[in-house]
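Student: This is a predicted model, with the sequence first.
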Protein chains: 2
Amino acid sequence: MSEAPEWVDEHGRLVFDVFAQACTSRATLEHITGRWGILAMAALHDGTLRFNALRRRVSGVSEKMLAQTLQALERDGFVHREAQPTIPPKVEYSLTPRGRRTAALLLALIEDVEGQMPEVVESNAEYDAAKRES
Amino acid sequence: MSEAPEWVDEHGRLVFDVFAQACTSRATLEHITGRWGILAMAALHDGTLRFNALRRRVSGVSEKMLAQTLQALERDGFVHREAQPTIPPKVEYSLTPRGRRTAALLLALIEDVEGQMPEVVESNAEYDAAKRES
DNA sequence: AGAGTGTACTAACTTTTGGAAAGTGCAAAC
DNA sequence: GTTTGCACTTTCCAAAAGTTAGTACACTCT
C-alpha cells in the first residue's frame, strides 16, 4: 500500500514544520497571521460579512490587499466565498468549520495582546529612554 | 484624580482595538504575528538562544530581519536581551514572563496549523482545479 | 433626466519593505 | 596565517504592498 500520503514519515508522524524554510505550512501560517489575514479571520468570527463591510471593519486595508488575502484564505479552506451573480454583485464571506477553530485561537491572541498593551506601552517608553541616554 | 491612564475610557474599559487603524496595538500584534516574529517567539519558548543559534533555528531569516525583529520584540517587552561585552560578543535572548505567556498562544496556533495541513493541501488542490476549468 | 454613490473586483503604477551581500573588529581553531 | 565564528550595521536591488483608476450596472437624490 504505497497509498500513504507524502506528509507522514516512516513513523507515521506529520512532517509539516514551520521552522523549515521550504515547508508549505509556513506559507499557510503567513496567510492567517499576516497583517490582514488575522484581522479578516477575527472579523469573520463574528459572522458572515460582505466584501465592503469587511473592508470597513478592517480599517486600513486596500481593496487589492483584502481581495488577495481572502483569496489565499479561501484557497486554504479557512474562508467560504458565496457569490450571487446579481447586479450589482453580492459576495458573502464566512468561516468554514476549520476556519472557525483557527479563528478562535487568533481571537485569543488578539485579546491577549490588547490586554497587555498598557505594559507594552510602558516597556516601549523604558526602552526608548534607555537608548536615548546611551 | 485625573491620574487615570489614557488607555481606559470613561467606563474603565481598555480602549486598545486592533481593528482601529491607528491603534498602537496593531503594531504590537504585527511584531509577534509577523513572518519572523512568530517563529522567533516560538523558538525562544524552548529556552534561551544566542543570536546565531536562533538564526539557524528560524531557517531562512536574514541577519538584518532577525536583528530588526528581536529589537521590536525587546522594545515591546516580550524578549529579554542579555549581552556580554566579551570579544567575540555573546548575546543571549530569552522570553520575559509576559513573552512566555504570549508565546504559548503562538505555539498553540502553530500546532493547529501544522495539524490541519493535510486538509489545507487538499483544499489548495480543489481550489486550483476549480479555477483551471473555469 | 443626469449626477452621484455603491458593488466587487482587476490592472497599472508608485512607494515601501525585505532580503542578499559585504563590512566591522577581533579571537580561536586548523 | 587563513579560514571561521561572533553579533550586528550598512548598502543596494528586487519583491511586496499600497494608491489610483477603470469596469458595468443599478439605485438614490435633485
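Tutor: Sure thing, it's come through.
Student: Is chain B within reach of stretch A:50-65?
Tutor: Yes. Using Cβ under 8 Å from any Cβ of the partner chain as the criterion, contacts between stretch A:50-65 and chain B involve A:57-60. (Glycine included, C-beta is placed from N, CA and C.)
Student: Where neighbours are concerned, which of those residues has the most?
Tutor: Neighbour counts for the residues of stretch A:50-65 next to chain B (other Cβ atoms under 10 Å in any protein chain shown) peak at residue A:58, which has 23 neighbours.
Student: My guess is residue A:54 contacts residue A:65. True?
Tutor: No. Contact criterion Cβ atoms under 8 Å: residue A:54 and residue A:65 do not qualify, at 11.7 Å.
Student: how about the residue positioned nearest the centre of chain A, what does it touch?
Tutor: Centroid-nearest residue in chain A: residue A:32, 2.2 Å away (criterion: Cα atoms, centre = their mean). Residue A:32 makes contacts with A:38, A:41, A:73, A:76, A:78, A:102, A:106, B:109, B:113, as judged by Cβ atoms under 8 Å, 6 or more residues apart in numbering or on different chains.
Student: now, which of those sits nearest residue B:83?
Tutor: residue B:109 (30.3 Å; Cβ to Cβ).
Student: For that closest one, give me its contacts.
Tutor: Taking Cβ under 8 Å, 6+ apart, one finds A:29, A:32-33, A:102, A:105-106, A:109, B:38 in contact with residue B:109.
Student: next helix or strand past the longest helix seen in chain A?
Tutor: Longest helix in chain A, counting residues (DSSP state H): helix A:97-115. Next helix or strand after helix A:97-115 toward the C-terminus (DSSP states H and E): helix A:117-132.
Student: May I have the longest helix of chain A exported as PDB, CA atoms only?
Tutor: These are the backbone C-alpha positions of helix A:97-115, laid out as PDB (Å, rounded to 0.1, in the frame of the first residue of the first chain):
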ATOM      1  CA  PRO A  97     -15.700  25.000  10.400                       C
ATOM      2  CA  ARG A  98     -11.900  24.600  10.200                       C
ATOM      3  CA  GLY A  99     -11.500  28.300   9.800                       C
ATOM      4  CA  ARG A 100     -13.700  28.900  12.900                       C
ATOM      5  CA  ARG A 101     -11.500  26.700  15.000                       C
ATOM      6  CA  THR A 102      -8.400  28.600  13.900                       C
ATOM      7  CA  ALA A 103     -10.000  32.000  14.300                       C
ATOM      8  CA  ALA A 104     -10.800  31.200  17.900                       C
ATOM      9  CA  LEU A 105      -7.100  30.900  18.500                       C
ATOM     10  CA  LEU A 106      -6.400  34.100  16.700                       C
ATOM     11  CA  LEU A 107      -9.100  35.900  18.800                       C
ATOM     12  CA  ALA A 108      -7.400  34.600  22.000                       C
ATOM     13  CA  LEU A 109      -4.200  36.100  20.700                       C
ATOM     14  CA  ILE A 110      -5.700  39.400  19.900                       C
ATOM     15  CA  GLU A 111      -7.300  39.600  23.300                       C
ATOM     16  CA  ASP A 112      -4.000  38.700  25.000                       C
ATOM     17  CA  VAL A 113      -2.200  41.500  23.100                       C
ATOM     18  CA  GLU A 114      -4.900  44.100  23.700                       C
ATOM     19  CA  GLY A 115      -4.900  43.200  27.300                       C
END
